[in-house]
Structures are given as C-alpha cells and as structure tokens.
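> The following block contains a protein sequence and its predicted model.
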Amino acid sequence: MKRTAIYPGTFDPITLGHVDVANRGLKLFDRIVIGVAENPKKEPMFDLATRLKMVRETFAHKPNVEAVSFTGLLVDLAHDQQANAILRGLRAASDFEYEFQMATMNRRLDEKIETCFVMAREDYTFVSSRFIREISDMGGDVSELVPPVVMPYLK
Ligand code: PNS
C-alpha cells in the first residue's frame, strides 16, 4: 500500500523552504499531495488557481508529488486522497505553538491521521511567503529563495 501524506499550506507563493520540506517528506512517504488552501482570511496576494499553478509547475518533474486546491477541512482532504499523514515543516521555536494547536485539533477531528514534522534546511529557516511578498513588492531580489517558476509571477 502506498503511504501518502498531505502537505497543506497557503503557498502564497511557494518558497524553496516549502520545496525542501516536500523533498524531505518524499524520504518518508511514497506520495505527497500538496494541498493548497483557499484561506480567504489570510487575504492571499495570489488567487487560489495561481498558487496551485505555481506549485504544480515547481514539481512538474516529480511524479510522486501532486497538488490540489481545497476549501474545506484538511482532514476531509486527507480522506479524499487516502492519506493517513499530514506533513508540516518547522523552522524555529516560534512556529511550534501554532503547529501544536493545528496538529492537536486535526487529531481531535481524526485520531487516525498523524501529523509529521520535518525541519527545514538551515538556509531556509528565515524564509517565509510573507517576507517573499514584502521584499519582492519593494523591489528586493528573492530569486534565491523561491523556485525559478515563481519569479515571473512575482514580476
Ligand atoms: O501555510 P499556512 O498558512 O500556515 O497553512 C495553514 C493551513 C492551510 C494548513 C491551515 O489553515 C488549514 O489546515 N486550513 C484548512 C482548514 C482546517 O482544516 N482547519 C482545522 C485545522 S486547525
């Protein structure tokens, strides 16, 4: 049986930190399904279709990484995709509180789905989509922090 994990996020836009987490996940799972959340409360810069497109283009060469968008509960997406794990990346201790709450809540919603954390590579501990948007908006160079396919979208 194939082991599948959902890697959820807003991906506004996808960064090299996200790519690193997905690649680490491939060491543990046979199939990673990246779940791009609509997340209207976050008022994303890119619409859902564009965020999904950027993720798909980033992993176009990896057949065991798929990407879908979703609007409801993460555990429902996990059920749809026959996944029994949720993959998330941890950067610094500051991520912990939020991740702990989400993992605990998801476990309450479905005890059978395990949340697994991997630590992003040191070079990317400071990389976040929020900073990418801000720096890029102000004319800074983010080309070493996002997949090459993202650059035309930021421009
Ligand atoms: O990249 P982000 O913004 O930290 O990702 C947040 C995300 C998409 C993982 C989270 O908002 C989420 O899981 N949304 C789906 C709604 C849901 O299932 N909520 C209950 C679990 S706390």
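Received it, and whenever you're ready, just let me know what you need.
> Please confirm that Lys62 is located within a helix.
No: Lys62 sits outside any helix when classified using DSSP: H, G, I helix; E, B strand; the rest coil, being coil.
> Count the residues that sit near it.
For Lys62, the count of nearby residues is 13 (other CB atoms under 10 Å). Placement of C-beta: from N, CA and C, glycine included.
> So which residues of the protein form helices?
16-28, 48-58, 74-80, 96-109, 129-137, 151-154 (DSSP state H).
> tell me which residues in the first one are buried?
With burial defined by 16 or more other CB atoms under 10 Å, the residues of helix 16-28 counted as buried are 16-22, 24-25.
> Closest one to Arg91 out of those residues, please.
Relative to Arg91, the closest of the buried residues of helix 16-28 is Gly17; by CB to CB it sits at 7.2 Å.
> Could you find the closest non-adjacent residue to the closest one?
Leaving aside its chain neighbours, Gly17 sits nearest to Tyr124 (3.7 Å; criterion: CB to CB, 6 or more residues apart in numbering).
> Kindly report the same for Pro147.
That would be Thr58: by CB to CB, 6+ apart, it lies 4.3 Å from Pro147.
> what's the spacing between that neighbour and Glu111?
Counting by CB to CB, to the nearest Å, the separation of Thr58 from Glu111 is 32 Å.
> residues contacting Asp80?
With contact set as CB atoms under 8 Å, 6 or more residues apart in numbering, Asp80 has no partners.
> if we go to 10 Å?
6, 33, 35, 68, 70, 72 (CB atoms under 10 Å, 6 or more residues apart in numbering).
> Buried among the residues you listed? Make that a ChimeraX selection.
The buried residues among those can be selected in ChimeraX (16+ other CB under 10 Å) with this line:
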select :6,33,35,70
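> Among the contacts of Asp80, which pair sits farthest apart?
Most distant of the contacts of Asp80, by CB to CB, are Val33 and Gly72, 14.8 Å apart.
> near the ligand, which residues of this structure show up?
Residues of the chain found near the ligand (CB under 6 Å from any ligand atom) are 8-10, 37, 39, 73-74, 102, 105-106.
> List buried members of those residues by neighbour count.
8-10, 37, 39, 74, 106.
> Pick out the lowest-pLDDT one from these.
Here the lowest pLDDT out of those sits on Asn39, with 93.
> you'd agree that residue is up against Phe46?
No: contact criterion CB atoms under 10 Å: Asn39 and Phe46 do not qualify, at 11.2 Å.
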